[in-house]
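# got a structure for you, letters missing:
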């Protein structure tokens, strides 16, 4: 693991790191914030998964998480959203919603994407092992959050590993990719047209199939341009109600899909995570 | 004035605006955050001047000022750092420290820069008139802050208009441009080699010549790569001591020159401003 940069911030260290990933077959870059802590101490870990077009850097620059993480004693890990490199296949038309910057947190099975697009394995297996070994992380206390496509990732990963993540939250997540254009394009492109295979990567389908999470919080702006066509939080609310999952869904008046929205509710979501990681 | 964008954030509105500037002879873009407020109410105004290479957007994205401004009821205005456009002369070599993104908050007198580089007039005269007319701003309650080159701007403007600005603060400011490479290049390039003319744009020289401010706060990281050659806060400390100005200079251990540093101390500086704007 190479250190790309470190900087002191809010009484902790914001670092950017790069390593050769066996999962993706590429170099991968990620950001980690570590609050100051006693020698030998370990801190709980919050995973933040980013949305379409983002790298590790968007939330690092705009997410306003450091003060809250320092106050609460939380490590925050922000992976990239796809493999990158000259030999990594992109969307044929260069669209923003597939390929580079749009890995959708799945392991692709379709050519040519299967060669490198293995973000599920990267985020759920390879990177956690690295975080556990290279940072003062208490891997027995983890939670996960994300934004938009990263909210989809947080929900599906949290639902798949309920024993690993004590809490799951999201900002404006894609909750039912099988039922919306972004998701149909991505799951079809990466995994083929057998929709049965998509269910493990669709939060609403996972809940319908019996998956559960310990605690679930979603913030959603009601001025979000993607609300009605792509996000459809009512599908998650219905699935949770039918399954008896206690979802807190907060519709936030006037807020859009941007980091102006995410940053506004970041500290509150982190406080909610911290209460469940104690 | 055109609205470029607005977004709800932290219980207020973050806007970006563009207007044709008579001072610079170009279109100018700026950012304003306005907390929610009672109908007809006006709020005090904090000016934030940015550093080399920045536009209005750097602090808007990375400065972490909105929560504090909303809590404290402060409008924050972030101008650009230079005129821009195809007919605006840049540094002959395209250097980052002169020309575009590096206006140094002076009115240039030297060709070809005198045609558009009139940031002093823009920031002290034209833009305040626009802010006072187009926003719910209480122009009887203003203060000013800035980062690096923008700290230089905040100090020199605050020292020139002590009746207008109740408080002046800076993050890692250039305090004596006449005595450091960045400043010698910029003041010489914009204003010529008569160093007597530079004194009105040099905070230490202004203090030596009798200028005063009501309240002065500076945060400076001790791991700042520009500390010893370009910033030299000890020159400001010495000038303030000799003049009897109560400077609070806080050396911040381990912090660099970046927005990781600025964002860490932003809320604290804004609280200090708010106490003086009540």
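Sure thing, it's come through. From a predicted model like this one, the values you see are computed outputs, not experimental measurements. Residues are numbered from 1 along each chain as shown, chains lettered A, B, ... in the order given.
# Stretch A:15-28 vs chain B: in contact?
No: Stretch A:15-28 lies out of reach of chain B by Cβ under 8 Å from any Cβ of the partner chain, never closer than 10.7 Å. C-beta coordinates here come from the backbone N, C-alpha and C atoms, glycine included.
# how about that stretch: buried residues?
A:15, A:16, A:17, A:21, A:23, A:24, A:26, A:28 (16 or more other Cβ atoms under 10 Å in any protein chain shown).
# could I get those residues as JSON lines with secondary structure?
JSON lines is the format used below for the buried residues of stretch A:15-28 (DSSP: H, G, I helix; E, B strand; the rest coil):
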{"residue": "A:15", "secondary structure": "strand"}
{"residue": "A:16", "secondary structure": "strand"}
{"residue": "A:17", "secondary structure": "strand"}
{"residue": "A:21", "secondary structure": "coil"}
{"residue": "A:23", "secondary structure": "coil"}
{"residue": "A:24", "secondary structure": "coil"}
{"residue": "A:26", "secondary structure": "coil"}
{"residue": "A:28", "secondary structure": "strand"}
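# from those residues, which is closest to residue A:56?
residue A:16 (6.7 Å; Cβ to Cβ).
# who's that closest one bridged to?
Per DSSP bridges, the residues bridged to residue A:16 are residue A:5, residue A:31.
# so what's it up against?
A:3, A:4, A:5, A:6, A:29, A:30, A:31, A:56, A:57, A:60 (Cβ atoms under 8 Å, 6 or more residues apart in numbering or on different chains).
# Show me just the buried residues among those residues.
Here, 16+ other Cβ under 10 Å leaves A:29, A:30, A:31, A:56, A:60 buried among those.
# related to what we said a few turns ago, now the buried residues of stretch A:15-28 in a markdown table, with pLDDT?
Listed next are the buried residues of stretch A:15-28 as a markdown table, based on pLDDT from 0 to 100:
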| residue | pLDDT |
| --- | --- |
| A:15 | 98 |
| A:16 | 98 |
| A:17 | 98 |
| A:21 | 98 |
| A:23 | 98 |
| A:24 | 98 |
| A:26 | 98 |
| A:28 | 98 |
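# Can you tell me which residues in chain A are near chain B?
Residues of chain A lying near chain B (Cβ under 8 Å from any Cβ): A:7-11, A:14, A:61-62, A:64, A:66-67, A:221, A:223, A:254-256, A:258-261, A:263-264, A:267.
# Can you give me the distance of the spatially closest residue to residue A:113 that is not a sequence neighbour to residue A:49?
Leaving aside its sequence neighbours, residue A:113 sits nearest to residue A:190 (Cβ to Cβ, 6 or more residues apart in numbering or on different chains; 5.3 Å). According to Cβ to Cβ, to the nearest Å, residue A:190 and residue A:49 sit 16 Å apart.
# between the two, who's got more neighbours?
residue A:49 (31 against 26; other Cβ atoms under 10 Å in any protein chain shown).
# Bridge partners for the more buried one, pull those for me.
Beta-bridge partners of residue A:49, as defined by DSSP bridges: residue A:146.
# Next, the contact list for it, please.
A:78-79, A:81, A:105, A:123, A:144-147, A:149-151, A:153-154, A:157.
# on that earlier part again, the residues of chain A next to chain B, buried ones only, as a ChimeraX selection?
Only the buried entries of these go into this ChimeraX selection, using 16+ other Cβ under 10 Å:
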select /A:7,8,9,10,14,61,62,64,66,67,221,255,256,258,259,260,261,263,264,267
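# Buried ones in stretch A:160-178, by neighbour count?
A:160-161, A:165-178.
# What mean pLDDT does that stretch get?
Stretch A:160-178 carries an average pLDDT of 98.
# tally of neighbours for residue A:125?
12.
# returning to that earlier point: between the buried residues of stretch A:160-178, which is nearest residue B:93?
Of all the buried residues of stretch A:160-178, residue B:93 sits closest to residue A:171, with 43.5 Å by Cβ to Cβ.
# If I follow the layout properly, that closest one ends up in contact with residue A:147?
Yes: here residue A:171 reaches residue A:147: they are 4.4 Å apart, a contact under Cβ atoms under 8 Å.
# Between these two, which contacts overlap?
Contacts common to residue A:171 and residue A:147, judged by Cβ under 8 Å, 6+ apart, are residue A:262.
# Strands along the stretch 51-200 of chain A, start to end?
Along the stretch 51-200 of chain A, the segments classed as strands by DSSP state E, counting those that start in this stretch run A:75-79, A:137-147, A:165-171.
# can you pull the buried residues of the second one?
Using 16+ other Cβ under 10 Å as the burial criterion, the residues of strand A:137-147 that qualify are A:137, A:141, A:142, A:143, A:144, A:145, A:146, A:147.
# Please apply the same query to the shortest one.
In terms of neighbour count (16+ other Cβ under 10 Å), strand A:75-79 has its buried residues at A:75, A:76, A:77, A:78, A:79.
# Format those residues as TSV; extra columns: distance to residue A:119 and pLDDT.
As requested, these are arranged in TSV below (distance: Cβ to Cβ, whole Å; pLDDT from 0 to 100):
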residue	distance to residue A:119	pLDDT
A:75	21	98
A:76	18	99
A:77	14	99
A:78	13	99
A:79	8	98
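# closest to residue A:235 among those?
Of all these, residue A:235 sits closest to residue A:79, with 26.0 Å by Cβ to Cβ.
# Distance check, the closest one against residue A:185.
Taken as Cβ to Cβ, the span from residue A:79 to residue A:185 is 22 Å.
# Could you do residue A:201 as well?
13 Å.
# Can you tell me the SS state at residue A:206?
Once three-state DSSP is applied, residue A:206 turns out helix.
# which residues touch it?
Residue A:206 touches A:155, A:156, A:159, A:160, A:199, A:200, counting by Cβ under 8 Å, 6+ apart.
# what's the pLDDT at residue A:228?
Confidence for residue A:228, expressed as pLDDT, is 98.
# How much space separates it from residue B:213?
52 Å.
# Could you pull out the helices in the stretch 151-278 of chain A for me?
A:181-191, A:203-208, A:233-243, A:259-277 (DSSP state H, counting those that start in this stretch).
# higher neighbour count, residue A:228 and residue B:213?
With neighbours defined as other Cβ under 10 Å, residue A:228 and residue B:213 compare such that residue B:213 has more, 24 against 10.
# Quick check, pLDDT for the residue nearest the centre of chain A.
With distances taken as Cα atoms, centre = their mean, the residue of chain A nearest its centroid is residue A:49 (2.2 Å). Reported pLDDT at residue A:49 in the predicted model: 98.
# go on, the one 5 residues further on?
According to the predicted model, the pLDDT of residue A:54 comes to 98.
# Can you pull out the low-pLDDT segments for the stretch 151-278 of chain A?
Nowhere does the stretch 151-278 of chain A drop to pLDDT under 70.
# thinking again about what came up before, got the contacts of residue A:206 as CSV, with distance to residue B:45 columns?
Below are the contacts of residue A:206 laid out as CSV (distance: Cβ to Cβ, whole Å):
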residue, distance to residue B:45
A:155, 42
A:156, 46
A:159, 48
A:160, 50
A:199, 54
A:200, 53
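# Just flag the most distant two among those residues.
Once Cβ to Cβ is applied, the contacts of residue A:206 give A:155 and A:199 as the farthest pair, at 13.2 Å.
# ok, now which ones touch the residue of the stretch 101-250 of chain A found nearest chain B?
Residue nearest to chain B within the stretch 101-250 of chain A: residue A:223 (7.0 Å; Cβ to the nearest Cβ). By Cβ under 8 Å, 6+ apart, residue A:223 lies in contact with A:253, A:254, A:255, A:256, B:8.
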